[in-house]
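Participant: Could you work out the structure for the sequence below:
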Amino acid sequence: MRIHNIADVYAPGMLLAPGSYDVEVSRDGFKAWRQSVDLADSDLMVSPTLERQEPTPRIPAELARLMPRMVVIPAGRFSMGCGADPACEDDEKPTHEVSVPSFRLAESEVTVGLFEAFARATGYVSDAEKDAGNLEGCYSMKADYSGWERVKGRSWRAPGFEQEKDHPVVCMSWNDTKAFIEWLRERTQDATYRLPTEAGSNMPFARVPRRSIPGG
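Facilitator: This next block holds a predicted model:
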């Protein structure tokens with residue numbers, strides 16, 4: 001315990017004159033409790049409730065400059081599904097209430113620069129580069145802009161248009177995204193990074209505060 005507005009360092013058993021004191025109680029792993037308390041002529045018992053604090057991930061310097069800013073999404077409730085709408089698919093029924101606890105979400109998509117750092121560090125080769133699943137390259141806009149087509153040789157490295165390091169990475173598969181997220185968790189020692197879901201942060205393995213990284 002610490003009392004900020006006295007000259008001496010507080011020690012158990014110290015006698016204090018009646019008055020108002022700025023008291024702080026802290027403990028490793030918990031948020032500090034600080035409050036002004038009034039001491040009269042009799043003893044005063046302070047019984048603070050400390051809230052456990054999530055450890056701050058230590059993001060390596062080379063990643064910190066590439067990571068998107070995380071913003072807090074407040075807790076809330078919403079109706080999921082489309083109920084009686086005739087255009088509603090079976091897997092969208094019935095309409096139901098979903099509660100979403102507060103979580104953190106990346107303000108922008110994963111960038112080319114960030115994914116490049118992952119690929120360089122791990123030697124990862126994306127599905128588009130490997131033509132995985134007998135599917136060539138990835139979908140790209142046709143030369144005449146009339147639609148999309150799968151083009152051999154296209155990947156996040158060569159999507160068919162110019163990209164800078166701070167542009168969103170493209171041509172990502174589910175496998176690519178999974179591998180990237182696992183690497184990010186390992187590099188930051190933070191297991192809460194994951195893709196956002198339709199129901200926000202309602203994932204059984206995650207902890208609050210959660211961090212979600214949108215895919216490219």
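Participant: where does this protein dip in pLDDT?
Facilitator: For the chain, the stretches flagged by pLDDT under 70 are 28-29, 41-44, 53-59, 199-216.
Participant: Please enumerate the strands of it.
Facilitator: Assigned by DSSP state E, the chain shows strands spanning 2-3, 19-25, 33-39, 70-73, 76-80, 96-100, 103-106, 138-141, 148-151, 193-194, 211-212.
Participant: remind me, longest helix of this protein?
Facilitator: Counting by DSSP state H, the longest helix found in the chain is helix 174-188.
Participant: and Glu89, which of the strands of the chain is closest to it?
Facilitator: strand 76-80 (12.9 Å; C-beta to C-beta). C-betas here are computed from N, CA, C, even on glycine.
Participant: Show me what the longest helix of the chain is packed against.
Facilitator: Packing partners of helix 174-188 (3 or more C-beta pairs under 8 Å, 6 or more residues apart in numbering; DSSP states H and E): helix 112-122, helix 127-130, strand 193-194.
Participant: circling back: same list, the strands of the chain, but as JSON lines with mean neighbour count please.
Facilitator: Putting the strands of the chain into JSON lines (neighbours: other C-beta atoms under 10 Å) gives the following:
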{"stretch": "strand 2-3", "mean neighbour count": "14"}
{"stretch": "strand 19-25", "mean neighbour count": "15"}
{"stretch": "strand 33-39", "mean neighbour count": "12"}
{"stretch": "strand 70-73", "mean neighbour count": "14"}
{"stretch": "strand 76-80", "mean neighbour count": "10"}
{"stretch": "strand 96-100", "mean neighbour count": "12"}
{"stretch": "strand 103-106", "mean neighbour count": "20"}
{"stretch": "strand 138-141", "mean neighbour count": "18"}
{"stretch": "strand 148-151", "mean neighbour count": "14"}
{"stretch": "strand 193-194", "mean neighbour count": "22"}
{"stretch": "strand 211-212", "mean neighbour count": "22"}
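Participant: Quick one: those as JSON lines, columns for distance to Arg187 too.
Facilitator: Output for these, formatted as JSON lines (distance: least, C-beta to C-beta, whole Å):
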{"stretch": "strand 2-3", "distance to Arg187": "36"}
{"stretch": "strand 19-25", "distance to Arg187": "34"}
{"stretch": "strand 33-39", "distance to Arg187": "33"}
{"stretch": "strand 70-73", "distance to Arg187": "16"}
{"stretch": "strand 76-80", "distance to Arg187": "31"}
{"stretch": "strand 96-100", "distance to Arg187": "27"}
{"stretch": "strand 103-106", "distance to Arg187": "15"}
{"stretch": "strand 138-141", "distance to Arg187": "26"}
{"stretch": "strand 148-151", "distance to Arg187": "32"}
{"stretch": "strand 193-194", "distance to Arg187": "10"}
{"stretch": "strand 211-212", "distance to Arg187": "13"}
